[in-house]
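S.K.: can't give you the sequence, but here's the structure:
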């Protein structure tokens, strides 16, 4: 009987326990580990990379699989691979009843790129070598080889890239996937000849193109100086600021801290994991809508100094017509801050069941009537009085407007546009709108127990009421992601638009949108920034004047500090079970940011 037990789950959380990012360790231990890791890196050789397949590019065009040919450390490999893109794991052991691996090859038919891992002890296994050689005729194959270099002679007929390291421990298993994806550069050459093909001096140089997952000491930071984060997180949970949280720190393109605290809920909820998906709230503004605006600006489809009515037909007969796009992006358009749309919902406007008349899902058991946004919400926004034009008044209406503009100019819904243009090519696996369409609710951290509008615990449905009423996709809220995905996007911005060997924006575009652009506020274009009023300590007491990013109502933030090469991500569900101000009262986000700043500056 055919055995095909394909591993169809992500092994994302294992790495935090077994290899890099084990931030609970002390400085002395990390120094010793880093010496061992650097030794592995200095002896890891990339071979057969004539076509420069390594580091991998164009992730949106690849479907990647990982095949284990008996390597004990495979879980570490698969966990690390999945930090860069979605990778499905297969194990040759599940096909052991077959004389050959034809069934495994058949199961790989929908995958374009296959990483095959094995130890040098398996290099004489004809079944495995035949499988690799055959698979390489029709797929992009990368061989991850661990152990004695004499095993390379078994691959003399192979043209596919090989990443070989003489080490075979868990540290090596974490290094090799990073070489494949460009988190670590390969510069080593063979120090001896192993065959007629793999001769002395053989080896290709590769470049760093993506985040590296490593120890604080690798970025010149003492792990002991980050332990205060644990104390602040414990204090926050004790003080009911949030039931759980995830903190990620990347310094100089290296993720040096990524840790989860607490639980999804205060009452026996599952333990928080670094892979958990959070409602980002207003971080949507700078993680979806603003990048879309930046792309359309670069394509010269959108002019910041053109009026709104030039792009939105229904705005031409409204008070919004003559407002400039730049004013909208700076929150200086004069829009009122907020419209509580949910207060005006009538019984006839919603239904407990979906139908052609009630197609818009707001939450489980709650559907809005067809065209409610077009008939009720949008006219209210368009016809709201303009009273404070030229002044800084933060308004969600601004990003409803920009969403409509993006969709008209791109010809795609916002959620599809940002997925195609950014999230998929960047390798962001969780980032996107409508997470319940893609993930089990157990992977998504719940937000408010909504007793006044939707009458349910919100699990994977956007907390913001207005965004919910338009179906979960809006310009100001609705984006969900885990911390790693957020870090990838903002590392790309810190890199001046470059990531994974691709240029997403021109450096001057990133500089313009993220720099201070207002004469009356601290704001950039779409981005929030460091506040020059130092009494506000915003976003933190020690943040540099170059810092940009955004916060979210649900208890999230991301800040980029180019002066320190820093990307700081904080995700929480501070609105669970009910909205609380404790996160701000305890200054949790800013205090953690300053622990990081002090550690970097020390």
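M.R.: Right, received. Where do you want to start? It should be emphasised that the depicted structure is a prediction, and the values quoted were computed from it without experimental measurement. Numbering: from 1, shown residues only.
S.K.: helix/strand/coil for residue 430?
M.R.: Of the three states, residue 430 takes coil under DSSP: H, G, I helix; E, B strand; the rest coil.
S.K.: give me the neighbour count for it.
M.R.: Counted with other CB atoms under 10 Å, the neighbours of residue 430 add up to 24. C-beta here means a position set from N, CA and C on the backbone, and glycine is covered the same way.
S.K.: equivalent analysis for residue 346, please.
M.R.: For residue 346, using other CB under 10 Å, the count is 8.
S.K.: same deal with residue 143?
M.R.: Neighbours of residue 143 under the rule other CB under 10 Å: 23.
S.K.: my guess is it is in a strand, correct?
M.R.: Yes. Judged by three-state DSSP, residue 143 forms part of a strand.
S.K.: how about it, nearest residue that isn't a chain neighbour?
M.R.: residue 162 (4.5 Å; CB to CB, 6 or more residues apart in numbering).
S.K.: point out where the chain drops to low pLDDT.
M.R.: 1-24 (pLDDT under 70).
S.K.: hmm, try it at 80
M.R.: Low-confidence segments of the chain (pLDDT under 80): 1-25.
S.K.: quick one on the thing from earlier: does the residue nearest to residue 143 really touch residue 50, like I thought?
M.R.: No. Look at residue 162 against residue 50 with CB atoms under 8 Å: they stay out of range, at 11.9 Å.
S.K.: before we move on, the earlier item: OK, contacts around the residue nearest to residue 143?
M.R.: 46-48, 142-145, 152, 155 (CB atoms under 8 Å, 6 or more residues apart in numbering).
S.K.: change it to 10 Å
M.R.: Going by CB atoms under 10 Å, 6 or more residues apart in numbering, residue 162 touches 45-49, 54, 116, 132, 141-145, 151-152, 155, 198.
S.K.: how close does it get to residue 59?
M.R.: Residue 162 sits 21 Å away from residue 59, going by CB to CB, to the nearest Å.
S.K.: tell me where the stretch 351-500 of the chain has helices.
M.R.: For the stretch 351-500 of the chain, the helices defined by DSSP state H, counting those that start in this stretch cover 372, 378-382, 397-410, 414-418, 424-426, 465-469, 483-494.
S.K.: please name whichever of these is nearest to residue 438.
M.R.: Among those, helix 414-418 comes nearest to residue 438, with 11.1 Å by CB to CB.
S.K.: what sits closest to residue 458 if chain neighbours are left out?
M.R.: residue 447 (4.6 Å).
S.K.: next SSE downstream of the longest helix anywhere in the chain?
M.R.: In the chain, with assignment by DSSP state H, the single longest helix is helix 27-42. Following helix 27-42 in sequence order, the next helix or strand is strand 45-47 (DSSP states H and E).
S.K.: what lies in contact with that next one?
M.R.: Residues contacting strand 45-47 (CB under 10 Å, 6+ apart): 53-55, 142-143, 145, 149, 152, 155, 158, 160-166, 176, 179-180, 185-191, 194, 197-198, 202-206.
S.K.: buried members of these into ChimeraX, please.
M.R.: Entered in ChimeraX, the line below selects the buried ones among these, by 16 or more other CB atoms under 10 Å:
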select :53,54,55,142,143,145,149,152,155,158,160,161,162,163,164,165,166,176,179,180,185,186,188,189,190,194,197,198,202,203,204,206
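S.K.: need the helices of the stretch 351-500 of the chain in TSV with distance to residue 102 and mean neighbour count, can you?
M.R.: Converted to TSV, the helices of the stretch 351-500 of the chain look like this (distance: least, CB to CB, whole Å; neighbours: other CB atoms under 10 Å):
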stretch	distance to residue 102	mean neighbour count
helix 372	55	21
helix 378-382	57	18
helix 397-410	45	23
helix 414-418	38	22
helix 424-426	31	20
helix 465-469	49	24
helix 483-494	36	25
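S.K.: which among those helices is found nearest to residue 541?
M.R.: helix 483-494 (21.2 Å).
S.K.: now do the helices in the stretch 501-602 of the chain.
M.R.: 507-514, 582-585, 588-601.
S.K.: check which residues of the last one are buried.
M.R.: This points to helix 588-601. Applying 16+ other CB under 10 Å to helix 588-601 flags 588-597, 599-600 as buried.
S.K.: residue 255 versus residue 87, what's the distance?
M.R.: Per CB to CB, residue 87 is found 18 Å from residue 255.
S.K.: tell me, how many residues neighbour the closest residue in space to residue 565 that isn't next to it in sequence?
M.R.: Nearest non-adjacent residue to residue 565, counting by CB to CB, 6+ apart: residue 252, 4.2 Å away. As a burial measure, residue 252 scores 16 neighbours (other CB under 10 Å).
S.K.: thought residue 252 was touching residue 218?
M.R.: Yes. Assessed by CB atoms under 10 Å, residue 252 is found in contact with residue 218 at 9.0 Å.
S.K.: so how far is residue 160 from the residue of the chain most remote from its centre?
M.R.: Outermost residue of the chain with respect to the C-alpha centroid, by CA atoms, centre = their mean, is residue 196; its distance is 43.6 Å. Distance, residue 196 to residue 160, using CB to CB: 18 Å.
S.K.: for my notes, confirm residue 158 occurs in a strand.
M.R.: No. Counting by three-state DSSP, residue 158 is not found in a strand; it is coil.
S.K.: surely it is in contact with residue 130?
M.R.: No. Here residue 158 lies out of contact with residue 130, judged by CB under 10 Å, at a distance of 11.3 Å.
S.K.: which residue is nearest the centroid of the chain?
M.R.: Judging by CA atoms, centre = their mean, the chain has its centre closest to residue 485, at 0.6 Å.
S.K.: how close does residue 425 sit to residue 527?
M.R.: 22 Å.
S.K.: same deal with residue 92?
M.R.: 48 Å.
S.K.: neighbours around residue 538, how many?
M.R.: Residue 538 has 18 neighbouring residues, counting by other CB under 10 Å.
S.K.: for the stretch 501-602 of the chain, just list every one of the strands.
M.R.: 502-503, 528-529, 548-552, 556-561, 566-572 (DSSP state E, counting those that start in this stretch).
S.K.: cool, and the stretch 251-400 of the chain?
M.R.: 254-262, 278-279, 350-351, 360-363, 366-368.
S.K.: which one of those is the most hemmed in?
M.R.: strand 278-279 (a mean of 32; mean count of other CB atoms under 10 Å).
S.K.: show me what that one is packed up against.
M.R.: Counting contacts by 3 or more CB pairs under 10 Å, 6 or more residues apart in numbering; DSSP states H and E, strand 278-279 packs against strand 244-251, strand 480-481, strand 566-572.
S.K.: centre of the chain to it, how far?
M.R.: For strand 278-279, the separation from the chain centroid amounts to 12 Å (computed by CA atoms, centre = their mean, to the nearest Å).
S.K.: got it, and stretch 149-156?
M.R.: 38 Å.
S.K.: packing partners for the longest helix of the chain?
M.R.: By 3+ CB pairs under 10 Å, 6+ apart, helix 27-42 packs against helix 170-181.
S.K.: next, the angle from the helix it packs on to helix 27-42.
M.R.: 50 degrees (axes from the mean of the first three to the mean of the last three CA atoms, to 10 degrees).
S.K.: what's the first helix or strand after helix 170-181?
M.R.: Following helix 170-181 in sequence, per DSSP H and E, is strand 212-213.
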